[in-house]
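Colleague: got a structure for you, letters missing:
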Ligand SMILES: C[S@@+](CC[C@H](N)C(=O)[O-])C[C@H]1O[C@@H](n2cnc3c(N)ncnc32)[C@H](O)[C@@H]1O
């Protein structure tokens, strides 16, 4: 692609994600199958306007998510990733990141940078994201689905990064802000000697059917603790936090890490799972996610050195950093 084409592609990037959002929201990917189906039937099945549906299907096919043969459409392997029942479904992510709330907050980006004040959730909704989620169950449902969707990618990377790690001295692992338990349930399955706990807000864990601990049959070794990581965390041998510290400012992170330090035994450990910002010369997804964090809350993405400084400010020592092959995320280990 020429520079001209590359820049145009960036300019129109949001059109593509909005077209995809509409397709997922309207159920296109759960209706279209590998057997070609006429656009009329798709529209009828989903109770949509025929003429407009055809144009949406055509645009989705133009992005490689569907295959078009005249007025018939079938799903491609890429499109299958948007199906509800795909084991690596990305459905939750698109519904959250291109949904109305996250769409609305991005418009504040230039003003935030002018004013030096991040958190567009406060600008748009006059409240922080987790307060908004607590008061808006529909948003909370989409948010939790998205976290599960992200976890389907990230849990495998954490497992790979920590594959050679000796867990034999850890008996109780606590996942701080562990959501509906995808990461911890997988670690409990992999390490049968482990017991676990998940510290979370009440609204995230109240629908028991959605919890991974029961879906993965590790209920008997895991408890959900309702609480606030800014007040106190439950005692455990080691702690893991995935996509938590990036939500918060440096001072807020030090508060969380200090609370974990206080509840840890002398041999205590903490694992921080985050996108790690590489050296300036390397383009990386973390540099985009950092802007997303600027919009969404008080947090940011950080370099390994920045995490090491946060650990030290809370009394921990930075012991190791583990990387999966993909380099999308990394795991930082702190020791007491
Ligand atoms: C970005 S999500 C990450 C969830 C999960 N760790 C994952 O990676 O899928 C942040 C989580 O922190 C939880 N959380 C927010 N504030 C919290 C608090 N004060 N105490 C405990 N959990 C909190 C949220 O409910 C949410 O599930």
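Modeller: Ah, there it is. From a predicted model like this one, the values you see are computed outputs, not experimental measurements. Residues are numbered from 1 along each chain as shown.

Colleague: Return the residues of this protein in contact with the ligand.
Modeller: Counting by Cβ under 6 Å from any ligand atom, the chain comes close to the ligand at 130, 147, 150-151, 177-179, 199-201, 204, 228-230, 242-244, 247. Where C-beta positions appear, they are placed from N, C-alpha and C, glycine not excepted.

Colleague: so of these, which ones are in strands?
Modeller: Per DSSP state E, strands hold the following members of the residues of the chain next to the ligand: 199-200, 242.

Colleague: Which of those are buried? Put it as a PyMOL command.
Modeller: Applying 16 or more other Cβ atoms under 10 Å to those, the buried members can be selected in PyMOL as follows:
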select buried, resi 199+200+242
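
Colleague: out of the ones in strands among the residues of the chain next to the ligand, who's nearest residue 42?
Modeller: Nearest to residue 42, judged by Cβ to Cβ, of these is residue 242 at 37.3 Å.

Colleague: Which residue, other than its chain neighbours, is closest to the closest one?
Modeller: Closest residue to residue 242 apart from its sequence neighbours, by Cβ to Cβ, 6 or more residues apart in numbering: residue 273 at 3.9 Å.

Colleague: Give the bridge partners for that neighbour, please.
Modeller: residue 242, residue 331 (DSSP bridges).

Colleague: Next up, the contacts around it.
Modeller: 154, 158, 183, 240-243, 329-331 (Cβ atoms under 8 Å, 6 or more residues apart in numbering).

Colleague: from the residues you listed, which single one is nearest residue 322?
Modeller: Nearest to residue 322 out of the contacts of residue 273 is residue 331 (Cβ to Cβ; 4.3 Å).

Colleague: wait, that closest one sits on residue 155?
Modeller: No: Residue 331 is not in contact with residue 155 according to Cβ atoms under 8 Å; the separation is 11.7 Å.

Colleague: from the chain's centre, how far out does stretch 312-331 sit?
Modeller: On the basis of Cα atoms, centre = their mean, to the nearest Å, stretch 312-331 sits 18 Å off its chain's mean C-alpha point.

Colleague: What of stretch 171-179?
Modeller: 16 Å.

Colleague: Show me the contact partners of that stretch.
Modeller: 144, 147-148, 151, 181, 183-184, 187, 193-200, 204, 229, 233-242, 244, 256, 260.

Colleague: The same query, at a cut-off of 7 Å, please.
Modeller: Contacting residues not belonging to stretch 171-179 are listed as 144, 147, 183-184, 187, 193-200, 204, 229, 233-234, 236-241, 244, 260 [Cβ atoms under 7 Å, 6 or more residues apart in numbering].

Colleague: distance between the ends of stretch 25-32?
Modeller: Using Cα to Cα, to the nearest Å, one end of stretch 25-32 lies 14 Å from the other.

Colleague: So which residues make contact with it?
Modeller: 23, 42, 45-46, 48, 57, 60, 66, 73-75, 79, 82-84, 95.

Colleague: circling back to that earlier point, list only buried entries from the contacts of stretch 171-179.
Modeller: For those, a burial check counting by 16+ other Cβ under 10 Å picks out 144, 147, 183-184, 187, 194-200, 204, 229, 233, 236-241, 244, 260.

Colleague: In the host helix or strand of residue 53, which residues are buried?
Modeller: Per DSSP states H and E, residue 53 falls inside helix 50-62. Within helix 50-62, the residues that count as buried by 16+ other Cβ under 10 Å are 53-54, 56-57, 59-61.

Colleague: Widest-spaced pair of these?
Modeller: Going by Cβ to Cβ, the pair spanning those furthest: 53 and 61, at 12.4 Å.

Colleague: just to revisit the earlier point, of the ones in strands among the residues of the chain next to the ligand, which is the nearest to the ligand?
Modeller: residue 242 (3.7 Å; Cβ to the nearest ligand atom).

Colleague: ok, that closest one - contacts?
Modeller: Counting by Cβ under 7 Å, 6+ apart, residue 242 touches 154, 158, 183, 273.

Colleague: what's the distance between it and residue 210?
Modeller: Using Cβ to Cβ, to the nearest Å, one gets 17 Å for the distance from residue 242 to residue 210.

Colleague: Over to residue 93?
Modeller: Counting by Cβ to Cβ, the gap from residue 93 to residue 210 is 17 Å.

Colleague: what's the domain layout of this structure?
Modeller: As given by automatic domain parsing, the domain ranges for the chain are 3-86, 100-335.

Colleague: Nearest to the ligand: which residue in this protein?
Modeller: Counting by Cβ to the nearest ligand atom, the chain gets nearest to the ligand through residue 177 (2.9 Å).

Colleague: tell me the pLDDT at that residue?
Modeller: pLDDT, residue 177: 98.

Colleague: ditto for residue 303
Modeller: Residue 303 carries a pLDDT value of 98.

Colleague: Please apply the same query to residue 207.
Modeller: Reported pLDDT for residue 207: 89.

Colleague: any idea how far the longest helix anywhere in the chain is from the chain center?
Modeller: For the chain, the longest helix by residue count, based on DSSP state H, is helix 137-161. Taking Cα atoms, centre = their mean, one finds helix 137-161 lying 5 Å from the centre of the chain it belongs to.

Colleague: ok, back up a step: pick the most buried one from the domains of the chain.
Modeller: Compared across those, domain 100-335 shows the largest average neighbour count, a mean of 18 (mean count of other Cβ atoms under 10 Å).
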